[in-house]
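Chemist: turn this into a structure:
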Amino acid sequence: MSVDQVAARIGQIQAQLARFSTLSSTTATAAASGEFATTLAAAGAGVPDANGVTGQDVVDEAKKYLGLPYVWGGTSIEKGVDCSGLVQSVYKTLGYDLPRVSADQARAGAKVNSLAEAQPGDLIAWDNSSRNNGADHIAIYIGDGKMIEAPRTGLDVRIIDVPSEPDMIRRIIGTGSAAPTAATAGTAGISAQVPASTPYADLINAAATRTGVPGELLAAVATQESGFNPRAVSPAGAQGLMQLMPATARGLGVTNSFDPAQAVDGAARLLRSLLDRFGSTELALAAYNAGPGAVTRYDGIPPYRETQNYVRNIMAMVRS
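Modeler: Numbering: from 1, shown residues only. Predicted structure coming up:
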């Protein structure tokens, strides 16, 4: 629907309201008002944003996942998705890098006040559990009171009626706030480079330039992990400046975790992958400490005192 068509339709509805203004029936007025709201929602769904994407594009992409099995942690259109995996995958195809977990997705973009104001392509989410802070189920609104969701194990991606007023409704298309580049996702406001007085500043700044992970964040991780001690070994077996576990180091191609150059490079690449996966500095740090599986399992920072203190301490360093 073009902007001119929308304007013409709105004019028709306003004319209907004027004609019926002398009637005592409130039903007629309510029906016209409802049609007016529906027209506005449809108009918004068809207007491209700065990326040339419309809300209807989101709906059309999401429909490609219908019938796909629910898979916990899944993000694959071939193998299956979970609720936040569906959202992330759909928007990623359209050029938007959303966070991995539903709680953070439900904070992206711009707030929509009610389902009556929602447009196709908006995210609708619910906070059903006290286990985590924020949304634990998320879906894509497709209009007419319906949504596409990846519900739970044993059920496929489907279209259903929106079951209740969502706790959160977020508009991604047209807000200009949910498509960070891979190099900067989740790290806004953190210094890209560290001063020469920082231990291993040359290694840290070189790794930051290669990966896009801010040098200030890498330095804070090194401080928290080892106090810049390249020979540190933890009781659990983590090694070196960045306290890489042997299996993690092998996966990163690090042959000597006690070599500061290899350790910083490996840690930077690991953090880059975690930032890209979770879209949040706090969640990336939690995954660095507790593993990405724990972050996915708890749909947020795991309820481990060590991990929560770890994230809190590092974020305090980079914010100071």
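
Chemist: now do the same for residue 229: helix, strand or coil?
Modeler: Here residue 229 is recorded as coil under DSSP: H, G, I helix; E, B strand; the rest coil.

Chemist: pretty sure it sits against residue 243.
Modeler: No - counting by C-beta atoms under 8 Å, residue 229 sits too far from residue 243 to count as a contact (9.6 Å). The C-beta positions use only the backbone N, C-alpha and C, and glycine is treated the same way.

Chemist: neighbour count winner among the two?
Modeler: Using other C-beta atoms under 10 Å, the more surrounded residue of residue 229 and residue 243 is residue 243, with 24 against 13.

Chemist: give the contact list for the more buried one.
Modeler: 225-226, 232, 234 (C-beta atoms under 8 Å, 6 or more residues apart in numbering).

Chemist: report the buried members of the residues you listed.
Modeler: 225-226, 232 (16 or more other C-beta atoms under 10 Å).

Chemist: adding secondary structure and pLDDT, write those out as JSON lines.
Modeler: JSON lines is the format used below for the buried ones among the contacts of residue 243 (DSSP: H, G, I helix; E, B strand; the rest coil; pLDDT from 0 to 100):
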{"residue": "225", "secondary structure": "helix", "pLDDT": "97"}
{"residue": "226", "secondary structure": "helix", "pLDDT": "97"}
{"residue": "232", "secondary structure": "coil", "pLDDT": "96"}
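
Chemist: and of these, the nearest to residue 191?
Modeler: Comparing the buried ones among the contacts of residue 243 against residue 191 with C-beta to C-beta places residue 225 closest, at 18.9 Å.

Chemist: which residue is the nearest non-sequential neighbour of the closest one?
Modeler: Closest residue to residue 225 apart from its sequence neighbours, by C-beta to C-beta, 6 or more residues apart in numbering: residue 243 at 3.9 Å.

Chemist: need the per-residue pLDDT for that neighbour.
Modeler: In this model, residue 243 is scored at 97, pLDDT.

Chemist: equivalent analysis for the one 4 residues further on, please.
Modeler: At residue 247, the pLDDT value in this model is 92.

Chemist: quick one: residue 276 is in a strand?
Modeler: No - read with three-state DSSP, residue 276 is helix and lies in no strand.

Chemist: neighbours of it, how many?
Modeler: 16.

Chemist: and which of the contacts of residue 243 is nearest residue 283?
Modeler: residue 225 (17.7 Å).

Chemist: how many neighbouring residues does residue 189 have?
Modeler: 9.

Chemist: now swap in residue 152 and tell me
Modeler: If we define neighbours as other C-beta under 10 Å, then residue 152 has 11 of them.

Chemist: now the one 10 residues further on
Modeler: Applying other C-beta under 10 Å, we find 17 residues neighbouring residue 162.

Chemist: that one contacts residue 124, doesn't it?
Modeler: Yes - counting by C-beta under 8 Å, residue 162 touches residue 124, with 6.6 Å between them.

Chemist: now the common contact residues for these two.
Modeler: 115, 139, 141, 147.

Chemist: and of those residues, the nearest to residue 98?
Modeler: residue 139 (13.6 Å).

Chemist: and residue 147, what helix or strand is that in?
Modeler: Remark: residue 147 resides in strand 146-149, with elements defined by DSSP states H and E.

Chemist: okay, now the sheet partners of that strand, with direction.
Modeler: strand 137-143 (antiparallel), strand 158-161 (antiparallel) (DSSP bridges).

Chemist: what's residue 124 in contact with, if anything?
Modeler: Here residue 124 is in contact with 115, 118, 138-141, 147, 162, 166, 168-169 (C-beta under 8 Å, 6+ apart).

Chemist: redo that, cut-off 7 Å
Modeler: 118, 139, 141, 147, 162, 166, 169 (C-beta atoms under 7 Å, 6 or more residues apart in numbering).

Chemist: likewise residue 90?
Modeler: Counting by C-beta under 7 Å, 6+ apart, residue 90 has contacts 58, 61-62, 140.

Chemist: for residue 216, same thing?
Modeler: 190-191, 194, 318 are the contacts of residue 216 under C-beta under 7 Å, 6+ apart.

Chemist: for it, which non-adjacent residue is spatially closest?
Modeler: Closest to residue 216 by C-beta to C-beta, 6+ apart is residue 191, at 4.0 Å.

Chemist: let me know the pLDDT of residue 8.
Modeler: 55.

Chemist: now name the helix or strand holding the residue nearest the centre of the chain.
Modeler: Central residue of the chain (C-alpha atoms, centre = their mean): residue 99, 1.8 Å from the mean position. Using DSSP H and E, residue 99 falls within no helix or strand.

Chemist: phi, psi for it please.
Modeler: Backbone torsions for residue 99, taken as degrees, to the nearest 10, come to phi -60, psi 160.

Chemist: tell me the pLDDT of it.
Modeler: Residue 99 is assigned 83 on the pLDDT scale.

Chemist: how about residue 185?
Modeler: In this prediction residue 185 is given a pLDDT of 61.

Chemist: ok, back up a step: and the contacts of residue 243, which is closest to residue 151?
Modeler: Nearest to residue 151 among those, with distances taken as C-beta to C-beta, is residue 225, at 39.5 Å.
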